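S.K.: Show me the folded form of this:
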Amino acid sequence: MGVDQFGGDREPQPAAAGPARGLERLEQVLAGRRRNAGTGIGHLDDGDRALAAAGVTFEEVTSQSPKTTPSHMTMLTSLYPSVHGVEMWEDGKPGPVLAPQVVTLAEVLKNAGYATAAFTGGANVDRSRGFDQGFDVYKESAQLPRATRWIGHHAWRPFFVFFHTFAVHDPYLPSSEMIARFAPEYRGPILDAVNRLRGNRARDWWDAHKIFWASVDGARPDDVRFVERLYDAGIRTMDETLLAPLLAAVDGLRRPTLVVFTADHGEAFHEHGVFLHDDLYRETVHVPLVLRLPGRLPAGRRVRGSAGVIDVMPTILDLVGVPGPAAMQGQSLAGRIDGPPPDDATTISEYSQPNRPYFRVQRGPLAFVSDGSREALFDDGADPAEQHDVAAARPEAVAAAREIAARWHDASLRVARRFAPVGSVTPDPETVRQLKALGYVD
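M.R.: Take a look at the predicted model:
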């Protein structure tokens, strides 16, 4: 794998004639939830439905990590987490910083003549970790008003906007009106906890987190369903308060704009005995990916075949005609829109933890999950909830997945030697406050 366009002096590229574009990243939106949030309990709102109906939906996309920081960096560099090396801050300790020789999506577009801006929730996508590399503007908090104002001021030229939000994050505390729409029948301790916490928004996140989850009994199906409905209600709230006005600002432009909608990870609801996102099962790594470009991409098209968030950067660059770095590990998905899915399309997800090799190989409907000495194989076509391990019945598939993982590991190790993080940084007091507000620091 070549590295010609990484490192050294990089010459600016001529401004591209392609459309403006925006990458909208929403924290922890499960792909199945985004697609089915209204099933049986109402209807998807107009903004959500319009985005999918007017764009191309990739149905089988996985994140390369179940964690916020490494997954975002993979999205913006097209490098696997073990290659770029930027992992989560742990308990406020120093965390690695992206190597400057890695060329990000924002840098490529900036060198091609685009104005670049990011509007994020900060915390685990803090600029100090290298997320600001290539952005003219990198702002945290108040994302919607800042983004819409910036778009309006830059409508006359090619631009790239990265929009990120933590709007759908635990504890799930939607309004009473949303709860009435999504779960009017539930009466129990979780609702009592939600009402109490919603009435005291100033409460420390960690306390709120503990109170919320202490009210949940994973052994009670009614509790699990209600937590799912709270999450769905949070997505609907995000749709109405963020997605709809952001798309309205984009649609007010006088030229076609590529919109990319995706997420860094999904969310578990006790399918494998846990909540949140701390494993590599389908519910945790399956994410949405919608591309909308009026007049160029077919409206309402659905595309099958394994893909990953690592493919977002090369896909965007392909669609707008801007060459990307040779070391990108993802592939453009643009060619799949009008053609059949490749038979050998494979994605890898990994979860870097000390002394715990944990990875997932997805090839077609088969998903191989290896957690140390424990291995499992699932047929997602017949068993999308991944409840039935078929490894014993498919030894050839297990062997093939192991071989794919070994080749990927060796290739990534070679690339990682060239792009190892340079030093580390400790979160500043404001970032520590943000991390505490989201529960990542005690």
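
S.K.: in terms of contact, does Gly266 touch Tyr281 like I think?
M.R.: No. Between Gly266 and Tyr281 there is no contact under Cβ atoms under 8 Å: 9.1 Å. For glycine as for every other residue, the C-beta is placed from the backbone atoms N, C-alpha and C.

S.K.: Out of these two, name the residue with the larger neighbour count.
M.R.: Legend: neighbour count by other Cβ atoms under 10 Å for Gly266 and Tyr281, higher for Gly266 (25 against 22).

S.K.: ok, now how distant is the more buried one from Ala392?
M.R.: Separation of Gly266 from Ala392 (Cβ to Cβ, to the nearest Å): 27 Å.

S.K.: just Leu243 next, same as before
M.R.: Taking Cβ to Cβ, one finds Leu243 at 44 Å from Ala392.

S.K.: In terms of neighbours, single out the busier of those two.
M.R.: Leu243 (23 against 8).

S.K.: Ile235 versus the more buried one, what's the distance?
M.R.: 9 Å.

S.K.: ok, Leu366 touching Ala397?
M.R.: Yes. Using Cβ under 8 Å, Leu366 is in contact with Ala397, at 5.6 Å.

S.K.: what residues are shared contacts of the two?
M.R.: Leu377 (Cβ atoms under 8 Å, 6 or more residues apart in numbering).

S.K.: so the spatially most central residue of the chain, which of the three states?
M.R.: When Cα atoms, centre = their mean is applied to the chain, the residue found nearest the centroid is Asp264 (1.6 Å). Secondary structure, DSSP: H, G, I helix; E, B strand; the rest coil: Asp264 is coil.

S.K.: Identify the residue nearest it in space, chain neighbours excluded?
M.R.: Among residues not flanking Asp264 along the chain, Ser71 sits closest, at 3.7 Å (Cβ to Cβ, 6 or more residues apart in numbering).

S.K.: how about that neighbour, phi and psi?
M.R.: In terms of degrees, to the nearest 10, the main-chain angles of Ser71 are phi -70, psi -40.

S.K.: Report how many residues lie close to it.
M.R.: 28.

S.K.: What score does it have for pLDDT?
M.R.: Per-residue pLDDT puts Ser71 at 94.

S.K.: likewise Arg33?
M.R.: Listed pLDDT for Arg33 reads 47.

S.K.: mind listing what the nearest residue to Pro189 once chain neighbours are set aside touches?
M.R.: Among residues not flanking Pro189 along the chain, Ser215 sits closest, at 4.3 Å (Cβ to Cβ, 6+ apart). By Cβ under 8 Å, 6+ apart, the contact set of Ser215 is Pro189, Ile190, Asp192, Ala193.

S.K.: export these to CSV and tack on secondary structure, pLDDT and neighbour count?
M.R.: Formatted as CSV, the contacts of Ser215 follow (DSSP: H, G, I helix; E, B strand; the rest coil; pLDDT from 0 to 100; neighbours: other Cβ atoms under 10 Å):
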residue, secondary structure, pLDDT, neighbour count
Pro189, helix, 96, 14
Ile190, helix, 97, 25
Asp192, helix, 95, 11
Ala193, helix, 95, 19
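
S.K.: For those, work out which two are farthest apart.
M.R.: Within those, Ile190 and Asp192 form the most distant pair, 7.2 Å apart (Cβ to Cβ).

S.K.: Can you tell me which helix or strand of this structure has the lowest average pLDDT?
M.R.: helix 31-36 (a mean of 43; mean pLDDT, DSSP states H and E).

S.K.: wait, Leu173 sits on Leu197?
M.R.: Yes. Between Leu173 and Leu197 there is a contact under Cβ under 8 Å: 5.7 Å.

S.K.: Comparing the two, which residue is more hemmed in?
M.R.: Ranked by neighbour count (other Cβ under 10 Å), Leu173 and Leu197 place Leu173 first, with 22 against 19.

S.K.: Make sure Pro145 is indeed in a helix.
M.R.: Yes. With three-state DSSP as the criterion, Pro145 is part of a helix.

S.K.: How many residues are close by it?
M.R.: Considering only other Cβ under 10 Å, Pro145 is surrounded by 10 other residues.

S.K.: per-residue confidence for the residue nearest to Glu60 when sequence neighbours are not counted?
M.R.: Leaving aside its chain neighbours, Glu60 sits nearest to Ser306 (5.4 Å; criterion: Cβ to Cβ, 6+ apart). Here the pLDDT value assigned to Ser306 is 93.

S.K.: do you know how far Ser306 is from His169?
M.R.: Ser306 is 27 Å from His169, by Cβ to Cβ.

S.K.: between those two, which one's more packed in?
M.R.: Ser306 (24 against 20).

S.K.: Could you double-check that the more buried one sits in contact with Thr346?
M.R.: Yes. Between Ser306 and Thr346 there is a contact under Cβ under 8 Å: 6.0 Å.

S.K.: Which neighbours do these two have in common?
M.R.: With Cβ under 8 Å, 6+ apart as the test, Ser306 and Thr346 both reach Gln362, Arg363.

S.K.: Quick check: the gap between Phe124 and Phe131.
M.R.: Not Phe; residue 124 is Asn. Distance from Asn124 to Phe131, by Cβ to Cβ: 9 Å.

S.K.: likewise Val361?
M.R.: Distance from Val361 to Phe131, by Cβ to Cβ: 28 Å.

S.K.: In three-state terms, label Ile179 for me.
M.R.: Applying three-state DSSP: Ile179 is helix.

S.K.: In space, what's closest to it - neighbours in sequence excluded?
M.R.: Using Cβ to Cβ, 6+ apart, the closest residue to Ile179 is Ala233 (6.1 Å).
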